[in-house]
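K.L.:
structure here, sequence nowhere to be found:
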């Protein structure tokens, strides 16, 4: 199962109990789909870069939460009930791309050797750039100067 981060931006006046209720509801939904909730973080109150307009006003602050979970890929379509949640300003589900599965663990050595090759090629290319191939600059000797007569 892939790893996802679900970010919640809640209205600033939402109580801690209401936030825990929302987190518990999403967590139960994850468990019903045989998923695992791996982490829950609260970033507290944050200033927004722009106002978010809702039916009850415009919000310039919000409470930011992050839930990390492993769920089946079809889980993202099942979160549509969050669109009707009055306590939320915005929500976002992000899939982790760099998580190694049990099938790719044995390929870590291959990946490291490939990374070393790329790194050495980058440094080899830099050393060739140090050579000055600028045609605009010429060294002038006294012999090549025209004689004034």
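P.N.:
On my side now, so go ahead. Being a predicted model, the structure only gives us computed values, none of them experimental.
K.L.:
contacts for the lengthiest strand in the chain next, please.
P.N.:
Criterion DSSP state E: the longest strand present in the chain is strand 36-54. Strand 36-54 is contacted from outside by 1, 3, 9, 11-12, 19, 23, 27, 30-31, 58-71, 89-90, using Cβ atoms under 8 Å, 6 or more residues apart in numbering. Placement of C-beta: from N, CA and C, glycine included.
K.L.:
now swap in stretch 12-26 and tell me
P.N.:
Residues outside stretch 12-26 that contact it (Cβ under 8 Å, 6+ apart): 6, 8, 10, 40, 42, 45, 59, 61-63, 65, 67, 79, 82, 85, 87-88.
K.L.:
pull out the buried members of these.
P.N.:
The neighbour-count test (16 or more other Cβ atoms under 10 Å) applied to the contacts of stretch 12-26 identifies 6, 8, 10, 59, 62, 63, 65, 67, 79, 82, 87, 88 as buried.
K.L.:
secondary structure and pLDDT added to those, as a markdown table?
P.N.:
What follows is the buried ones among the contacts of stretch 12-26, written out as a markdown table (DSSP: H, G, I helix; E, B strand; the rest coil; pLDDT from 0 to 100):
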| residue | secondary structure | pLDDT |
| --- | --- | --- |
| 6 | strand | 94 |
| 8 | strand | 95 |
| 10 | strand | 95 |
| 59 | strand | 95 |
| 62 | strand | 95 |
| 63 | strand | 95 |
| 65 | strand | 94 |
| 67 | strand | 94 |
| 79 | helix | 89 |
| 82 | helix | 91 |
| 87 | coil | 93 |
| 88 | strand | 94 |
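K.L.:
one step back: in the longest strand of the chain, what's buried?
P.N.:
For strand 36-54, the neighbour count (16+ other Cβ under 10 Å) marks 37, 48 as buried.
K.L.:
that'll do, ta.
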